[in-house]
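*Asks:* Following is a predicted model, sequence given first.
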Amino acid sequence: MAQPLVKKDDDHDDEADYSPFLGIEKGAVLQEVRVFNDPQLDPRRCSQVITKLLYLLNQGDSFSKNEATEVFFSVTKLFQSKDLGLRRMVYLIIKELSPSADEVIIVTSSLMKDMNSKTDMYRANAIRVLCRITDGTLLTQIERYLKQAIVDKNPVVASAALVSGIHLLQTNPEIVKRWSNEVQEAVQSRAALVQFHALALLQQIRQNDRLAVSKLVTSLTKGTARSPLAQCLLIRYASQVIRESANTQTGDRPFYDFLESCLRHKAEMVVFEAARAITELSGVTNRELTPAITALQLFLSSSKPVLRFAAVRALNKGVGCIDLLVFQNAQESDLVMGLLELVYFDPVAMTHPMAVTNCNIDMESLISDQNRSIATLAITTLLKTGNESSVDRLMKQITNFMSDIADEFKIVVVEAIRSLCLKFPLKYRSLMNFLSNILREEGGFDYKKAIVDSIVILIRDIPEAKESGLLQLCEFIEDCEFTYLSTQILHFLGNEGPKTTDPSKYIRYIYNRVHLENATVRAAAVSTLAKFGAMVDALKPQIFVLLRRCVLDSDDEVRDRTTLYLNTLGGDGEVVETDKETKTLLFGALDIPLVNLETSLKNYEPSEEPFDIDSVSKEVKSQPLAEKKAPGKKPTGLGAPLAGPPSTVDAYERLLSSIPEFLDFGKLFKSSAPVELTEAETEYAVNVVKHIFDRHVVFQYNCTNTIPEQLLENVSVIVDLSEADDFAEVLSKPVRSLPYDTPGQTFVAFEKPEGITAVGKFSNTLRFIVKEVDPTTGEAEEDGVEDEYQLEDLEVVAADYMMKVGVSNFRNAWESMGDDFEHVDEYGLGPRENLAEAVSAVINLLGMQPCEGTEVIATNSRSHTCLLSGVFLGNVRVLVRLQFGIDGSRDVAMKLAVRSEDEAVSDTIHEIVSSG
């Protein structure tokens, strides 16, 4: 049922304006449709009934096929009325009902008659309806009329035909593309909307032909686009041509002069669109940017709220001209907030702060703007472009209005303050005080989390801010209502607190959590106390006293943690040095995937021999067929879903350990995902899994016979080592028999030098004896024929010797690893399309696990840091920090820092990159 609508600006709460559709029901409205059949039609009543039908359809009510058909046939009788208002309602309801092909025939004649009517309103609407409900067959019959309508002198008719063409281009592109000449003529129209729609349709027709689009833009930039709307479209198309030309030099930029000339256009929307386009140009210089910044600066002092908002948003984060098109008639400035979350571009304030500095005086006046969204954007832009001397003044201005804005705006301000503090670390005191003050104020979870994250980042990056920052976090958890934030702060406090000059001052705050919080926070507090006891030997006696008080806690998790820490800290509370194993337990990163640990614990059978955590596989589990597999192909061997435990690695270990010839190879280090060696739907399906040992590599060929009339015997794979000099074949284990659709495995083992990442390409040939099978009896013939089948080549690469093992806290893992075996060097990666391509290539080359989401690169980013973790052959932990940079000519440079537990492994990683 419809709800009453209340006037937005009504000052009287007791006066309400109720919806005219209140209480209407579909059944009653369908009964009212009978008025369409009256001999003497009442246009006003018929229009009211259609309005109710449209309301029901837009509210989500659906009509059955019979109901829709009955309404449709009743509506067609209204074409006999000459009332203009009713005819417009008829057009609307026909479009919404979406009649079937059989029903369309009935109304087509009436619509075609209207399309050739002398009444322009009939013509325009009939074109829209016909193009909405027609199919390709009928479209060819009315194509001639549509072409005539495109060049019609009446702009309403022409626009209707052009807009219909834009929609039809999605379903009948070949027909619409034949209208190019008429659309080209419409582009020269003097009517603003006709030119706008014609240009949009013409560009879509030619969008797959870059040369044609470039010629179109070239012809129109000579001044033929009179409509401001068409001019905005033209600016966008010109920007697209500039981006696709990939020229970053000023002299080679094809349409920059046109963009700059648009900054002097009389229409504000055109000026803004041109300024936005210039700020988005790749490799734009300060000289090229200055005219655009000047135009935006003039908007900052405009009396129109929408212009002020558009300008400050473009300077801050950039926003499309569609904002201006939507709000050009807005009366209330707060309507601007509706598009606050539109498309983002590279922030001009971050990429060219010096160019934006000239606008700072104008933006400071916007801090007191009545529209809070404009004020927020102004402040964040000032924070990005301000200098060190203006920080204190900005902090005072921000304090005055923080309480008046919503949390989502506050988060934006907090993030800007964090960036400013990292930019001017000497100002950390005033900025940290501001963050601590707003942390005590009321706010939601996301707002509080943004503040806490900012303080944590500042503590990590500015050593002088550690003491004050930790105390501010301690005071916050005294009255924190969010469990997640409390546990995160306690965890951070346990890592950083023991490293301060006076760790004892934090103990009180931590122990208070044991008495005053829920079980989750109490457990986190116990772990934090244990970390202080492990790292600060002088505090160990006091920590033991506090931990013993937690033994009788009501929650089993708290009790278990307390018991564990009391036993592992050792020394019975005396001032003794904590051993290395305990520190590893408390501070070391868990380099075992939790899924693997869970599987191993479930499979562990209680016995006198304790559970050995070293027996748990460290490899990150992936899908059995991680590489691309042809559709419709049946998985073979262990590439198929496994029965029993879900761990593929465990299944491989059990299979290999059951073969006596492989027992001397030692513990399996890693198994790859299956790699397909045959195409789809071939006679034989073969994939291979690479098993890596310390001194051996075993190829497991999973074979399937897909021919029912054949039996394969003595199936083996002959491997050519001509391109794999470091390998020597030591063993081949064939399959004795391979019936139809029964997977079988054949193995080939190779020896390689120890301590060397041997790589190479292997040519594979499937060799077997084929015997014909009688389809009636199912028995094979005694005599067979020896045959061969060529398989795809297989490569062993450096990434095969690395397991993807992530770390939960890369910073702690990096610091705990130490720099004893650190190796740093720089490399040039040559020209790349973007940074994402370069980062992906290096990750794939090394075969390591990206950490903390650093494999994701921001669009158009010019620098990036990627963190990788893994375990190299020999169970050697490896951490990699990659720093990328890309210049204007798209050449990528990379700084590679490697830390590992073995110097030789660090050198090997660099050798892999330099040779890759």
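*Replies:* Good, I have the coordinates.

*Asks:* Now find how far off-centre the host helix or strand of Lys215 is within its chain.
*Replies:* Counting by DSSP states H and E, the element that carries Lys215 is helix 210-220. Relative to its chain's centre, helix 210-220 lies at 33 Å (Cα atoms, centre = their mean, to the nearest Å).

*Asks:* And that helix, what does it pack against?
*Replies:* Secondary-structure packing of helix 210-220 (3 or more Cβ pairs under 8 Å, 6 or more residues apart in numbering; DSSP states H and E): helix 192-206, helix 228-245. Using the backbone N, CA and C atoms, a C-beta is placed for each residue, glycine as well.

*Asks:* report the angle between the axes of it and helix 192-206?
*Replies:* Note on geometry: by axes from the mean of the first three to the mean of the last three Cα atoms, to 10 degrees, helix 210-220 and helix 192-206 are set 160 degrees apart in direction.

*Asks:* model confidence over the helix or strand containing Gly494, on average?
*Replies:* In this assignment (DSSP H and E), Gly494 forms part of helix 483-496. Per-residue pLDDT over helix 483-496 has a mean of 90.

*Asks:* Going forward, count from 33.
*Replies:* Renumbered: residue one is now 33, and that last one reads helix 515-528.

*Asks:* From the contact counts, what lies against that helix?
*Replies:* By 3+ Cβ pairs under 8 Å, 6+ apart, helix 515-528 packs against helix 477-493, helix 498-509, helix 539-548, helix 551-567.

*Asks:* right, so these: which one is the most enclosed?
*Replies:* helix 551-567 (a mean of 23; mean count of other Cβ atoms under 10 Å).

*Asks:* Would you list the phi and psi of Val805?
*Replies:* With angles defined as degrees, to the nearest 10, Val805 sits at phi -110, psi 130.

*Asks:* Show me what it is bridged to.
*Replies:* Applying DSSP bridges to Val805 yields these beta-bridge partners: Ala812.

*Asks:* Tell me where the stretch 33-182 of the chain is predicted with low confidence.
*Replies:* 33-51, 130-135 (pLDDT under 70).

*Asks:* neighbours around Ser921, how many?
*Replies:* A total of 10 residues lie near Ser921 under the criterion other Cβ atoms under 10 Å.

*Asks:* my guess is it is in a strand, correct?
*Replies:* No. Checked against DSSP: H, G, I helix; E, B strand; the rest coil, Ser921 lies outside a strand; its state is coil.

*Asks:* related to what we said a few turns ago, what are the buried residues along the helix holding Gly526?
*Replies:* Judged by neighbour count (16 or more other Cβ atoms under 10 Å), helix 515-528 contains these buried residues: 517-522, 524-528.

*Asks:* same question, stretch 439-451
*Replies:* Buried residues in stretch 439-451, counted by 16+ other Cβ under 10 Å: 441-450.

*Asks:* Let's test this: mean pLDDT of it, rounded?
*Replies:* Stretch 439-451 comes out at a mean pLDDT of 79.

*Asks:* Per-residue pLDDT of the closest residue to Val219 other than its chain neighbours, please?
*Replies:* Nearest non-adjacent residue to Val219, counting by Cβ to Cβ, 6 or more residues apart in numbering: Ala230, 4.5 Å away. pLDDT recorded at Ala230 is 89.

*Asks:* Next: Leu374.
*Replies:* pLDDT for Leu374: 26.

*Asks:* now the one 10 residues further on
*Replies:* Predicted confidence (pLDDT) at His384: the value is 55.
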